[in-house]
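Engineer: Here is the input, now give the coordinates:
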Amino acid sequence: MKDIRDRLTGLVKVAVGAAGFGAEEVIIEHPGTMGLGDYATAVAFKIAKREGNNPREVAEKIMEKIEKDEYVDKVEAAGAGFVNFYLSEKFFRESLIKVLEEGESFGRRESLTGKKVMVEYTDPNPFKEFHIGHLMSNTIGESLARIIEANGAEVKRANYQGDVGIHVAKAIWAAMKGKGDLANGTAYAAGNKAYETEAEAKREIMEINRKIYKKSDEEINRIYDQGREESLERFEKMYKRLGTKFDYYFFESEAAVAGEKTVRENTGKVFEESEGAVVFRGEKRDSVLHTRVFINSEGLPTYEAKELGLAELKREKENCDWWVVVTGNEVNDYFKVVTAAMREVWPELKGKIRHISHGMLRLPSGKMSSRTGEVMTAESLIAQVKERIKEGMAEKAESEEWEKIADGVAVGAIKYSILKQSPGKDIVFDLEKSISFEGDSGPYLQYTNARINSVLEQAEKAGIELEAAGGYFEINGIVRRWHRFPEVVAAALENNAPNYMAAYLHELASEFNGYYAENRIVSQEESAPFRVALAAATGQILKNGLKILGMEAPERM
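Structural biologist: Sure thing, here's the model as predicted:
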């Protein structure tokens, strides 16, 4: 079946010419409400403005010239000058068949076939806690990776972790003083406090930092190796829980060496010396940029230099068409400068580095701080949500199976709370809304999927075989949404916006639950085979969509 948008676009273009109007770009979109059709075009407004005509009269002339098509049931001129299309039963029957036949593959597109993309996200620092900011980066990054995959590209997932830097020295200093634990971030919090309030502690921490880079102290090396290993093990458990499997792990200790070498090789060309440091004068290139230090006055590479080293390490691992980096929006200006420097060092990277930033995840009490230790870890947030989920499951949650389901629902509740918002916005996490089994929440979508699975089990026991090709058929809000799923996959890619998928799934689930409340699906009536097929197709799309969001689709809840 030819893409319906392309088909309608062709019909309108022919009609515009047949009506005696000059060529005009035709855009086919969905009307604001389904009562106004399945697709619409506002091309009449452009033509009317160009030729000084009434848009409604132009729309009526275009409508009259639109040729009959087997996939179009009705065309009408509407409003001030829209041309609306209502699709036919034949189209929707074929849509149903397509969903059921393609199954898990339904919705996949080929626009990026042959492309390879590396997506970097999460980026926690060993020796510090995995907090809810990392949870937000992981959630958005994983979903974006899956959106890119759903559009046909091969995706490599990367994680850049800060295993060197002053934060490590702070943690090791505290551990040597017997203050806190290296792996869970408490040593870092204690070390940071001392660094900011005690001059002697600050001096000692700076010295430890130099020794870490030089690997010149055996005791510090031993503590470092132990803390790094324990931190990475804790992180790995969290990645598994969140449904992420990285292809590559990059570390600042590796990037620092490569980055310093690159900066020094390009000093005098891209970078310049200034007061004992090496800097990039961004404002000389563009007024929106500023100067940043790439090697500090102590001769150590900064985060900026390490970013260059990271880019080099990535390119050594994979030859990609794009390198996507997902971070919080507090480093937007930093990334603009670093990307500008990269383009001068490696002109071939122009247009291949894509920075996607997101807002902050906040709790009702306000912004967290890992520097002071006043931080909500991802583990503790999931635990809180999980306990509330289990309360609604009563005795079910006591078994191993239901414990696992509760964990998947809790993680899904948090993920959906993040993904339903535009990535650039800050989010205040609302626990009560996130765990609701009604309304715009993750558990609502997961419960709808579980309900559909139950319906299909009942139908199988009753011996009802689904029917898509013939017999009883009805066009409703569910049926009219199926074919839009691949469009949402494309739009989510184009706008780097998982919230497009979240909104679509919520609409689909709401339509199904409304239908379920008013209609018997499993029965001996003529409508049963079609309604079972309707449930099966809707469930398949929900599963496919939840997978793109990185959420589990439990069969029972």
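
Engineer: and the helix or strand Val75 falls within, what's its mean pLDDT?
Structural biologist: Element membership for Val75 (DSSP states H and E) is strand 72-78. In this model, strand 72-78 carries a mean pLDDT of 96.

Engineer: Can you list the strands that whatever helix or strand comes next after that strand pairs with?
Structural biologist: As assigned by DSSP H and E, the chain's next helix or strand after strand 72-78 is strand 82-87. Strand 82-87 sits in its sheet next to strand 39-41 (antiparallel), strand 72-78 (antiparallel), going by DSSP bridges.

Engineer: which of these sits most buried?
Structural biologist: Among those, strand 39-41 has the highest mean neighbour count (mean count of other CB atoms under 10 Å), at a mean of 23. No exception for glycine: its C-beta is placed from N, CA and C like everyone else's.

Engineer: Distance from the next helix-or-strand element following that one to the middle of the chain?
Structural biologist: Downstream of strand 39-41, the first helix or strand assigned by DSSP H and E is helix 43-51. Offset of helix 43-51 from its chain centre (CA atoms, centre = their mean, to the nearest Å): 38 Å.

Engineer: Give me the contact list for helix 43-51.
Structural biologist: Residues outside helix 43-51 that contact it (CB atoms under 8 Å, 6 or more residues apart in numbering) are 12, 16, 21-22, 24-27, 53-59, 62, 77, 80-83.

Engineer: For the strand holding Val75, what is the distance to the chain centroid?
Structural biologist: Distance of strand 72-78 from the chain centroid (CA atoms, centre = their mean) equals 36 Å.

Engineer: show me where the stretch 351-500 of the chain has strands.
Structural biologist: Applying DSSP state E, counting those that start in this stretch to the stretch 351-500 of the chain gives strands spanning 353-358, 361-362, 427-428.

Engineer: With the stretch 101-250 of the chain instead?
Structural biologist: 116-120, 154-161, 248-251.

Engineer: could I get those as CSV with mean pLDDT and mean neighbour count?
Structural biologist: Shown next, in CSV, are those (pLDDT from 0 to 100; neighbours: other CB atoms under 10 Å):
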stretch, mean pLDDT, mean neighbour count
strand 116-120, 98, 22
strand 154-161, 98, 21
strand 248-251, 97, 18
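
Engineer: closest one to Ala502 among these?
Structural biologist: Ala502 lies closest, by CB to CB, to one member of the strands of the stretch 101-250 of the chain: strand 116-120, at 18.9 Å.

Engineer: Tabulate the strands paired with strand 82-87 (a markdown table), appending distance to Asp163.
Structural biologist: A markdown table is the format used below for the strands paired with strand 82-87 (distance: least, CB to CB, whole Å):
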| stretch | distance to Asp163 |
| --- | --- |
| strand 39-41 | 53 |
| strand 72-78 | 60 |
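
Engineer: can you tell which of those strands is closest to Asn192?
Structural biologist: Of all the strands paired with strand 82-87, strand 39-41 comes closest under CB to CB, at 56.8 Å.

Engineer: Which residues outside that closest one are in contact with it?
Structural biologist: By CB under 8 Å, 6+ apart, the list of residues contacting strand 39-41 from outside reads 4-5, 8, 12, 26-31, 78, 82-85, 87.

Engineer: Quick one, which of these are buried?
Structural biologist: Among the contacts of strand 39-41, the ones that count as buried by 16 or more other CB atoms under 10 Å are 4, 8, 12, 26, 28, 31, 78, 82-85, 87.

Engineer: now, which of those residues sits nearest Leu308?
Structural biologist: Distance to Leu308, by CB to CB, is smallest for Ile28 among the buried ones among the contacts of strand 39-41, at 44.4 Å.

Engineer: Show residues contacting the helix-or-strand element of the chain with minimal mean pLDDT.
Structural biologist: Counting by mean pLDDT, DSSP states H and E, the weakest-scoring helix or strand in the chain turns out to be strand 361-362, with a mean of 86. Here strand 361-362 makes contact (CB under 8 Å, 6+ apart) with 132-133, 135-136, 368, 418, 426-429.

Engineer: quick revisit: so which of the strands of the stretch 351-500 of the chain is the most surrounded?
Structural biologist: strand 361-362 (a mean of 22).

Engineer: who's in contact with Cys138?
Structural biologist: Actually, residue 138 is Asn. It isn't Cys. 121-122, 239, 242, 244.

Engineer: do the same with Gly328
Structural biologist: 133, 136-137, 357-360.

Engineer: from memory Glu507 sits against Arg481, does it?
Structural biologist: Yes: the criterion here is CB atoms under 8 Å, and Glu507 meets it with Arg481 at 6.6 Å.

Engineer: Between those two, tell me which one has more neighbours.
Structural biologist: The neighbour comparison of Glu507 against Arg481 (other CB atoms under 10 Å) goes to Arg481, with 21 against 17.

Engineer: dump the residue contacts of that one.
Structural biologist: Arg481 touches 504, 507-508, 511, counting by CB under 8 Å, 6+ apart.

Engineer: Most neighbours of all those, which one?
Structural biologist: Leu508 (23 neighbours).

Engineer: Identify the residue spatially nearest to that one, adjacent ones excluded.
Structural biologist: Nearest in space to Leu508, with sequence neighbours left out and distances taken as CB to CB, 6 or more residues apart in numbering, is Arg481 at 5.3 Å.

Engineer: Next: Arg7.
Structural biologist: Spatial nearest neighbour of Arg7, excluding adjacent residues (CB to CB, 6+ apart): Tyr71 at 6.6 Å.

Engineer: again with Ala150
Structural biologist: Nearest non-adjacent residue to Ala150, counting by CB to CB, 6+ apart: Val489, 5.0 Å away.

Engineer: Now do that neighbour against Glu438, distance only.
Structural biologist: 27 Å (CB to CB, to the nearest Å).

Engineer: So which of those two has more stuff around it?
Structural biologist: For the pair Val489 and Glu438, the greater number of neighbours falls to Val489 (25 against 10), based on other CB under 10 Å.

Engineer: Correct me if wrong: that one contacts Ile148.
Structural biologist: No: taking contacts as CB under 8 Å, Val489 lies outside contact range of Ile148: 10.3 Å.

Engineer: what about the chain, any weak spots by pLDDT?
Structural biologist: Residue ranges of the chain with pLDDT under 70: 1-2, 365-374, 394-398.

Engineer: Format the strands of the stretch 101-250 of the chain as a markdown table; extra columns: distance to Lys284.
Structural biologist: Converted to a markdown table, these look like this (distance: least, CB to CB, whole Å):
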| stretch | distance to Lys284 |
| --- | --- |
| strand 116-120 | 28 |
| strand 154-161 | 28 |
| strand 248-251 | 30 |
